[in-house]
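[1] what follows is a predicted protein model with its sequence.
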Amino acid sequence: MTLDILLIFPLLLIALGAAFMLLSIFKTQKILDLLKKETGYLAWKNLRFLMCVFLVGYCFALFLLVNQQWQLLPILIGLVFGLGSLFVLLSVNIYHYTFQQLLATRVSQEVYRQAQIETETTLIELQRTQAKLIQSEKMSSLGQIVAGIAHEINNPVGFIDGNLRYIEQYTQIILHLIQLYHKYLPHPPTEIQTELDAIDLDFIKQDITKILHSMNVGTTRIKNIVSSLRNFSGLDRAELKEVDIHEGIDSTLLILNHRLNATSIRPQISIVKEYESLSKVECNAAELNQAVMNIIANAIDAIDEKIFQQNTDGFETILGQITVRTSIVNQFVQIAIADNGCGIPQSIQGQIFNPFFTTKDIGQGTGMGLSISYHIICEKHRGQLNFSSTPGKLTEFTIQIPIKYGQGVPL
């Protein structure tokens, strides 16, 4: 009776071990199903075979204990210890291999993450470099084009403008001579009187004065346009020079005047200037003018888009307005450009300065305008370019550049 009681405890332990081993076999089979001939499949398969051998050993041990076959127990114990050592060794190898794989995976992930970061950084730098090259090439081409246009226009206009003074003098002399003839010969021969009545001499005397005045106004306007082109592109200037910011803005507005005029879908866009007294600013005038032009051109596009949407939806068309304000903020000149256009959607406000980012249709925009403006203002002049926008209502861009070149970014 005492022997039977002593056998119950090892029988229960062996039965529990057999149950655990059976459960382990099922778990190992799931792992094998997942591996499916992948690396480590054979090691797990060998481990499962050992588990099956152990399960058979547990069952055999139960049989021996129940039937009290003591003479075979030493052999079984030896097998258990031997196979157990092999089982432990194989398990340790599998765990060691798994740990190595896990470590290698983590290292690979870290290497991949670093490579991805470096790739993204390189891509951003390449985009910036490309933007700089495009901007530099555009400014170089613009300077050459403007130089050619200014030269070709300036020569004939100068010839016309220089000779207009003599034409006016000669015209006055001729008109005075005609007046003297009329004074001393009030009754000319019939043929001359008939010709005077036919040509309406009084009208000609009045109209020729008006024509000469119109020609003077026209040549003056052409000279102003040429001067604005030269000022906009920075011709005849050093790369860095103290310039009048207002002069550059006015030149830019004159260049864009054709886009401000009324069209078939909208009335003329009005320009409101709120200029404060500014000291001259040391900067690259051509580049700064281009940055301002890009922002104003975008403002015109925003107004056109809003009016187009209103026309499509049947709403009353707004009167487009662009306000340009200048002021001094500490040691920086501030230029604020506001429009009452369609605004910038919140979802893309963080991307508008990225190179090649555009919301316009293909062929209508390159996505370089604001990126180039940011590069010119922030990187080349160490200034700031910020904006605030209420979608559907207004947008305001604020430019800050140091009065003295290279003084640094404002806080």
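    Good, I have the coordinates. Remember, it's a predicted structure, so these values are computed and weren't measured experimentally.
[2] name the residues of stretch 297-309 that are buried.
    Along stretch 297-309, these residues count as buried under the neighbour rule (16 or more other Cβ atoms under 10 Å): Ala297, Asn298, Ala299, Ile300, Asp301, Ala302, Ile303, Asp304, Lys306, Ile307. (C-beta placed from N, C-alpha, C; glycine too.)
[3] with pLDDT, secondary structure and distance to Lys241 added, can I get those in TSV?
    As requested, the buried residues of stretch 297-309 are exported to TSV (pLDDT from 0 to 100; DSSP: H, G, I helix; E, B strand; the rest coil; distance: Cβ to Cβ, whole Å):
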residue	pLDDT	secondary structure	distance to Lys241
Ala297	90	helix	25
Asn298	89	helix	27
Ala299	92	helix	27
Ile300	92	helix	29
Asp301	89	helix	31
Ala302	89	helix	32
Ile303	91	helix	33
Asp304	89	helix	35
Lys306	88	helix	38
Ile307	87	helix	39
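[4] closest to Arg325 among these?
    Lowest distance from Arg325 to the buried residues of stretch 297-309 (Cβ to Cβ) belongs to Ala299, with 13.3 Å.
[5] that closest one against Ile337, yeah?
    Yes. Counting by Cβ atoms under 8 Å, Ile337 is a contact partner of Ala299 at 6.3 Å.
[6] which neighbours do the two have in common?
    Here Ala299 and Ile337 share the contacting residues Ile322, scored by Cβ atoms under 8 Å, 6 or more residues apart in numbering.
[7] okay, the buried residues of stretch 297-309 in JSON lines with distance to Thr326 next?
    What follows is the buried residues of stretch 297-309, written out as JSON lines (distance: Cβ to Cβ, whole Å):
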{"residue": "Ala297", "distance to Thr326": "19"}
{"residue": "Asn298", "distance to Thr326": "19"}
{"residue": "Ala299", "distance to Thr326": "16"}
{"residue": "Ile300", "distance to Thr326": "20"}
{"residue": "Asp301", "distance to Thr326": "23"}
{"residue": "Ala302", "distance to Thr326": "21"}
{"residue": "Ile303", "distance to Thr326": "21"}
{"residue": "Asp304", "distance to Thr326": "25"}
{"residue": "Lys306", "distance to Thr326": "25"}
{"residue": "Ile307", "distance to Thr326": "27"}
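[8] between the residues you listed, which is nearest Thr323?
    Ala299 (9.5 Å).
[9] now the closest one: closest residue in space, sequence neighbours ignored.
    Asp339 (3.7 Å; Cβ to Cβ, 6 or more residues apart in numbering).
[10] tell me how many other residues surround that neighbour.
    The number of residues packed near Asp339 is 25, by other Cβ atoms under 10 Å.
[11] ok, it to Lys30 distance?
    In this structure, Asp339 and Lys30 are 65 Å apart, going by Cβ to Cβ, to the nearest Å.
[12] cool, and Gln109?
    Distance of Gln109 to Lys30, computed by Cβ to Cβ: 25 Å.
[13] tell me the pLDDT of Ile269.
    Per-residue pLDDT puts Ile269 at 92.
[14] ok, it - contacts?
    Arg259, Leu260, Ile300, Ile303, Gly320, Gln321, Ile322.
[15] ok, 10 Å please
    Contacts of Ile269 were listed using Cβ atoms under 10 Å, 6 or more residues apart in numbering, and they are 256, 259-263, 299-300, 303-304, 307, 319-322, 339-341.
[16] same deal with Asp197?
    No contacts exist for Asp197 under Cβ under 10 Å, 6+ apart.
[17] can you give me the neighbour number for the closest residue in space to Lys393 that isn't next to it in sequence?
    Ranked by Cβ to Cβ, 6+ apart and with sequence neighbours excluded, the top spatial neighbour of Lys393 is Gly343, at 5.7 Å. Other residues lying near Gly343 total 19 when counted by other Cβ under 10 Å.
[18] can you classify Gly343 by secondary structure?
    coil (DSSP: H, G, I helix; E, B strand; the rest coil).
[19] distance check, it against Gln309.
    According to Cβ to Cβ, Gly343 stands 11 Å off from Gln309.
[20] hey, what's in contact with both of those two?
    With Cβ under 10 Å, 6+ apart, Gly343 and Gln309 have common neighbours Gly392.
[21] quick check: what element follows the strand or helix carrying Asp207 along the chain?
    Per DSSP states H and E: Asp207 is located in helix 201-233. Per DSSP H and E, the first helix or strand lying C-terminal to helix 201-233 is strand 241-243.
[22] pull up the pairing partners for that next one, direction included.
    strand 281-283 (antiparallel) (DSSP bridges).
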